[in-house]
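1. Build me a model:
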Amino acid sequence: MRVPARAPAKALHIITGLGVGGAEQQLRLLLRHLPVECDVVTLTAPGPVAEGLSADGVRVVHLGMGGNRDLTALPRLVRLIREGGYDLVHTHLYRACVYGRIAARLAGVRAVVATEHSLGDSQLEGRRLTPAVRALYLASERLGSATVAVSATVAERLRHWGVPGPRIEVVPNGIDLARYRFDPDLRARTRRRLGLPEGAYVVGGVGRLTAGKRFDVLVRALAQLPGDFWLVLVGGGAEENVLRRTAQRAQVADRVLFTGERPAAGCPGADLPSLLHAMDVLASPSAEEAFGLAAVEGLAAGLPVLYVSCPAIDDLPPGTAAGARRVRGSADSFVSALPAVRAEGAGSRAMSAAAHHYCITRSAAQLMDVYTAAVTGAPAGRPFPGVSST
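-> Numbering: from 1, shown residues only. Got it, this is the predicted structure:
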């Protein structure tokens, strides 16, 4: 990828934490495709993604922030930005956006980009939205050059919040398409490794095991489905024990597999693609998503997808995601939809056209346009509500 004229030569990414999560893994994948020297600061919780970034050769600094009101972190961050000689600062997730924008301006960096990964209608990063959260967000947003929304749906939410439309750029999340292409041999090996019975029809759920993802809906649906339906939940989180108890009460614990956290495709040791290949359908019962990366990954693996909320699919032209269909979201709606998908047959497992729309190289090129505009003060191309074409 050619670096555009006057693009930043060195950028600092500031993120709230680097555990296994969608925004964190998206950052790692993105850095592999950006033609810019990048360092990363994590305010808290360096975890598996921090280790992965270091393995990729990216410098990662843990700021050691004690909490949302740890103001001592601000001068440390300002000093780090000044010493780094960065042309641009890019922030990710709420706390990092607030502190990072302020610190960048105090350090004299005027090119400041923030990505909004997790803004829903009623919550932000899984927490309830309040007037105070909104006010602080908008106050710090004015210090930046542009706010990147991961979907047109999130861009619309930002506009309703009060972010001016010309300051919003849509750059969707991306995936490494080659890693998701269906492999029948890998499917067979993975199903054997998981101990799935031959002939089992596997419903998959991918995401953090939190209340907002509503995976309990799939567990309750499984209890009403034939005995050869199985559920594989890929992810970790605070709700795992709750889901295990739900499965026990529903008497389906022997047909629910928990794989734990898995890195995204493109990360060394990642086996998310193999787990997707082992599935027969991907189900996303979450009622409020900012993008819906798991559904896109399912489509890339050639799976039929049942979803309640997925801006990544809904924002596409009609007919682009032929393998995906929306369901109402109750357990009964999945009980009706899953046998219908099974009756239609497995299909070819060819990658959906929708997945090609979200190729990581395309997203990286779009982000470089935003970076160049932030550094030069020129328009980035096409702001909200459209998606820049590359």
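2. Tell me how many other residues crowd Val36.
-> The number of residues packed near Val36 is 18, by other CB atoms under 10 Å. From N, CA and C alone the C-beta is placed, and that goes for glycine too.
3. Quick check: nearest residue in space to it, chain neighbours excluded?
-> Nearest residue to Val36, sequence neighbours excluded (CB to CB, 6 or more residues apart in numbering): Ala11, at 5.1 Å.
4. Show me what the mean pLDDT comes to for the longest helix along the chain.
-> Of all the segments of type helix in the chain, defined by DSSP state H, the longest one is helix 360-376. The pLDDT scores in helix 360-376 average 95.
5. Please apply the same query to stretch 334-343.
-> 98.
6. Hmm, Cys359 is touching Tyr180, no?
-> No: if you go by CB atoms under 8 Å, Cys359 and Tyr180 don't touch, sitting 10.9 Å apart.
7. Of those two, give the one with the bigger neighbour count.
-> Comparing Cys359 with Tyr180 by other CB under 10 Å, the one with more neighbours is Tyr180, at 24 against 19.
8. Okay, that one and Asp39: tell me how far apart.
-> Using CB to CB, to the nearest Å, Tyr180 is found at 29 Å from Asp39.
9. So, low pLDDT: which residues of the stretch 51-200 of the chain?
-> Applying pLDDT under 70 to the stretch 51-200 of the chain flags residues 126.
10. quick one, helices of it?
-> With helices called from DSSP state H, counting those that start in this stretch, the stretch 51-200 of the chain shows them at 73-84, 94-106, 131-141, 152-161, 184-194.
11. Who are the packing partners of the second one?
-> Under the contact criterion of 3 or more CB pairs under 8 Å, 6 or more residues apart in numbering; DSSP states H and E, helix 94-106 touches strand 10-15, helix 73-84, strand 88-92, strand 112-116, helix 131-141.
12. okay, the angle between the fourth one and helix 94-106?
-> For the pair strand 112-116 and helix 94-106, the angle between their directions (axes from the mean of the first three to the mean of the last three CA atoms, to 10 degrees) equals 170 degrees.
13. Break this protein down into its domains, please.
-> What automatic domain parsing lists as the domains of the chain is 10-174+359-376, 177-357.
14. which parts of stretch 132-140 are buried?
-> Val133, Tyr137, Ser140 (16 or more other CB atoms under 10 Å).
15. Keeping just the C-alphas, turn it into CSV.
-> What follows is stretch 132-140, C-alpha atoms only, in CSV (Å, rounded to 0.1, in the frame of the first residue of the first chain):
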residue,chain,number,x,y,z
ALA,A,132,-22.9,13.0,32.3
VAL,A,133,-21.2,10.4,30.0
ARG,A,134,-22.6,12.1,27.0
ALA,A,135,-21.5,15.6,28.1
LEU,A,136,-17.9,14.5,28.8
TYR,A,137,-17.8,12.7,25.5
LEU,A,138,-19.0,15.7,23.5
ALA,A,139,-16.7,18.1,25.4
SER,A,140,-13.6,16.0,24.6
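16. State the three-state secondary structure for Val40.
-> Look at Val40: counting by DSSP: H, G, I helix; E, B strand; the rest coil, its state is strand.
17. how about the helices and strands packed on helix 94-106, which one is nearest Pro304?
-> strand 112-116 (29.6 Å; CB to CB).
18. what helices or strands is the closest one leaning on?
-> Short answer (3+ CB pairs under 8 Å, 6+ apart): strand 112-116 packs on strand 88-92, helix 94-106, strand 146-149, helix 360-376.
19. what does that strand contact?
-> Strand 112-116 is touched from outside by 23, 88-92, 97, 100-101, 104-105, 141, 143-150, 154, 158, 171, 290, 370-371, 374, with contacts defined as CB atoms under 8 Å, 6 or more residues apart in numbering.
20. what's the neighbour count on the nearest residue to Gly144 once chain neighbours are set aside?
-> Leaving aside its chain neighbours, Gly144 sits nearest to Val112 (4.3 Å; criterion: CB to CB, 6+ apart). Val112 has 25 neighbouring residues, counting by other CB under 10 Å.
21. Show me the beta-bridge partners of Val112.
-> Val112 forms beta bridges with Val89, as assigned by DSSP bridges.
22. picking that back up, of the buried residues of stretch 132-140, which is the nearest to Leu338?
-> Val133 (37.1 Å).
23. Show the contacting residues for the closest one.
-> Val133 touches Tyr94, Leu124, Arg127, counting by CB under 8 Å, 6+ apart.
24. Please tell me which one of those counts the most neighbours.
-> Comparing those on neighbour count, Tyr94 comes out first with 22 neighbours (neighbours: other CB under 10 Å).
25. For Tyr201, list the residues it contacts.
-> Residues near Tyr201 by CB under 8 Å, 6+ apart: Asp228, Phe229, Trp230, Asp280, Val281, Arg342.
26. Noted, bye for now.
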